[in-house]
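Generate coordinates for the sequence data below:
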Amino acid sequence: MVLGHTGTEFPLTRGQLVIAAIVIAAVIILSRLFLDRDTAQLRGDPALAGFFESVAPYIDPEQPATRVMDFERLFAAVYARVVRDYVDEPDESVLIDGAISGVMDLSPIPEGEPAERLALAAIDGMFSTLDPHSTLYSAEAFGEIKVQSKGRFGGLGLEVTMDRGLVKVVSPIDDTPAEKAGIRAGDVITHVDGESLRGLALSEAIRRMRGKIGTKVAISLRRRNGDTWDLTLSREMIRLRPVRSRVEEGVGYVRISAFNEHVADRLRGAIADFRGQLAGKRLDVVLDLRSNPGGLLSQAVSVADTFLAEGPIVSALGRIEERNQRFEAKPGDIAESAALVVLIDAGSASASEVVASALQYHGRAVVMGSRSFGKGTVQTIVPLRNGMAVRLSTHRYHTPSGATFDGTGVRPDVTIVPAGEEHKAGWSEHALDAVDCPPAGDKGDRVLGCAVALLRAGNLESFLAGMRR
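Next comes the predicted model:
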């Protein structure tokens, strides 16, 4: 008999085989003893013990005991992580009730289920009691997340979140099927290929929208005003081009559509290009973060630092003090005090809000557009076995003032009211109708037009006075 070992083959005698068999049997027995001990410790938690007792009738009795203990250990490990690390101290009874509901919601009614399927259903149910940004990723979904952070993936080009059981668009990605079809931040995706998404985990909803490149998918949507419509889109390879720049009417315009790798370096390269193109002239910059769903915090900090000479940028604070993070600007304003306007809208979220709030607080930029999305929590991704992972909200962003934009968004200094909408209470002190802004660029972008007009006016007061004439 020949056994493989690190690429080398060697023969075993009959005596050695007997000894090997005895050793393997001993290892299995000892492993089961340790598993029993660990499980007993887990069952010492009254909440967990009650949960395991509730789901025990649904576990396939033919499964090996080790599989059942694996289920218990997997669920208990995730449960312990939530109890310890979640950004707000959770009610443990609510977590367990959610887990039990997750198991009960399996269709058809569970009977003789594999332990692992019950564990995943329980984790899904538990996460449904948390904020919409905490979720369970299947192995496929987690793999796609890792690809997306590199700037290339397949799909429709949507950043989505879960809001009270509904799949809500945070923002469409530039030059993707979703953006070209007119999908907007705040739209709700109700069905995919005729099947309702209500009640599904976010990772499952995303999985249904993705597929082979070139295949079609039918989606149904609902807008805030109650309008509903159907679209059929072709899936494409999504290639993120996160930084685009040009000189627009004598002003340096930089569009950042996502904060993935190398964004800050590309921004600084764009500013250097502007200086070459506008040699001898004052450098004014428009930083467009509209429909930017966020991304890497490190890149957001570096982008803000590009325009700041000193001072705090953001703090990420959670329940475990030693894991809290505080970021400050490094000495020196790389942009050399270039006049700056930052554009945001309802699709600007997370890392975009970090940048906008920091530059606004320090008076380094005028923030213009509409109130941002309000995603102020930080997620930690915890890999599980079999390639799966959980994403758990563990920290909350705090602006340099100590406030948080979670759930409220960043309020612009100047609100540009979209055509056809009325001024609303709670908008910024300065609100202008979009129709009064001059168009700019190939698409006649009126928000950008007002940003350019502000920079030309030299300051906010002169701009507002000119707009009110």
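
all contacts plus neighbour counts: C-alpha atoms, from now on.
Noted.

Quick one: mean pLDDT for the helix or strand hosting residue 327?
Taking DSSP states H and E as the criterion, residue 327 maps to strand 325-328. What strand 325-328 shows for mean pLDDT is 96.

what's the answer for stretch 443-451, then?
94.

In the strand holding residue 327, which residues are buried?
If you call a residue buried by 16 or more other Cα atoms under 10 Å, then strand 325-328 has these buried ones: 327-328.

What are the boundaries of the strands in the stretch 301-450 of the chain?
Using DSSP state E, counting those that start in this stretch, the strands of the stretch 301-450 of the chain run over residues 312-317, 325-328, 339-344, 366-369, 377-383, 389-398, 414-417, 430-433.

what's the neighbour count on the closest residue to residue 391 other than its chain neighbours?
The spatial neighbour of residue 391 that comes closest, neighbours along the chain excluded (Cα to Cα, 6 or more residues apart in numbering), is residue 381 at 4.4 Å. By other Cα atoms under 10 Å, 17 other residues sit near residue 381.

I'd like the numbering to begin with 34 instead of 1 from here.
Fine by me, first position is 34 from now on; the one you just mentioned is residue 414.

Give me the pLDDT for residue 414.
Model confidence at residue 414, expressed as pLDDT, equals 88.

From what I see, it and residue 175 are in contact.
No. Counting by Cα atoms under 8 Å, residue 414 stays clear of residue 175, with 9.4 Å between them.

Find residues that contact each of those two.
Counting by Cα atoms under 8 Å, 6 or more residues apart in numbering, the shared contacts of residue 414 and residue 175 are residue 422.

re the thing from before, which residues touch the residue nearest to residue 424?
By Cα under 8 Å, 6+ apart, the residues touching residue 414 are 422-425.

ok, it to residue 248 distance?
Residue 414 is 30 Å from residue 248, where distance means Cα to Cα, to the nearest Å.

still on that earlier bit, quick one: which of the contacts of residue 414 has the most company?
In the contacts of residue 414, the most neighbours by other Cα under 10 Å go to residue 425, 26 neighbours.

nearest spatial neighbour of that one, skipping sequence neighbours?
Counting by Cα to Cα, 6+ apart, residue 167 is the residue found nearest to residue 425 once chain neighbours are left out, at 4.5 Å.

Identify the residues contacting the one you found.
Contact analysis of residue 167 by Cα under 8 Å, 6+ apart lists 160, 412, 423-426.

go with 10 Å
115, 119, 157, 160-161, 194-195, 235, 410-414, 423-427 (Cα atoms under 10 Å, 6 or more residues apart in numbering).

Next: residue 330.
Residues near residue 330 by Cα under 10 Å, 6+ apart: 292-293, 336, 347, 349, 383-385, 387-388, 411.

Quick check, pLDDT for it.
pLDDT at residue 330 comes out at 93.

quick one, phi/psi of it?
For residue 330, the backbone dihedrals (degrees, to the nearest 10) come out as phi -60, psi -40.

And it, how close does it get to residue 360?
From residue 330 across to residue 360, the span is 10 Å (Cα to Cα).

Spit out the contact partners of residue 367.
If you count contacts by Cα under 10 Å, 6+ apart, residue 367 has them with 301, 304-305, 338-342.

could those be laid out in TSV, adding neighbour count, distance to residue 440 and pLDDT?
Listed next are the contacts of residue 367 as TSV, based on neighbours: other Cα atoms under 10 Å; distance: Cα to Cα, whole Å; pLDDT from 0 to 100:
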residue	neighbour count	distance to residue 440	pLDDT
301	16	31	95
304	23	33	95
305	13	36	93
338	27	25	96
339	22	27	95
340	22	26	95
341	26	26	95
342	18	29	93
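
Helices - which of those residues land there?
Residues from those lying in helices, with DSSP state H as the criterion: 301, 304-305, 338-339.

Which member of those residues is positioned nearest residue 469?
residue 304 (29.3 Å; Cα to Cα).

tell me the contacts of that closest one?
For residue 304, the contact set (Cα under 10 Å, 6+ apart) comprises 278-279, 285-287, 310, 316-318, 339, 367-368, 371.

Using ChimeraX, define a selection of the buried residues within the residues you listed.
Burial among the contacts of residue 304 is assessed by 16+ other Cα under 10 Å; the matching ChimeraX selection reads:
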select :278,279,285,286,287,316,317,318,339,367,368,371
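
Need the contacts of residue 304 in TSV (columns: distance to residue 210).
Shown next, in TSV, are the contacts of residue 304 (distance: Cα to Cα, whole Å):
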residue	distance to residue 210
278	22
279	24
285	28
286	24
287	23
310	33
316	35
317	33
318	29
339	32
367	36
368	35
371	35
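
Looking at the contacts of residue 304, which is nearest residue 477?
residue 286 (14.5 Å).

how about low-confidence regions in the stretch 384-502 of the chain?
Along the stretch 384-502 of the chain, segments meeting pLDDT under 70 span 456-460, 502.
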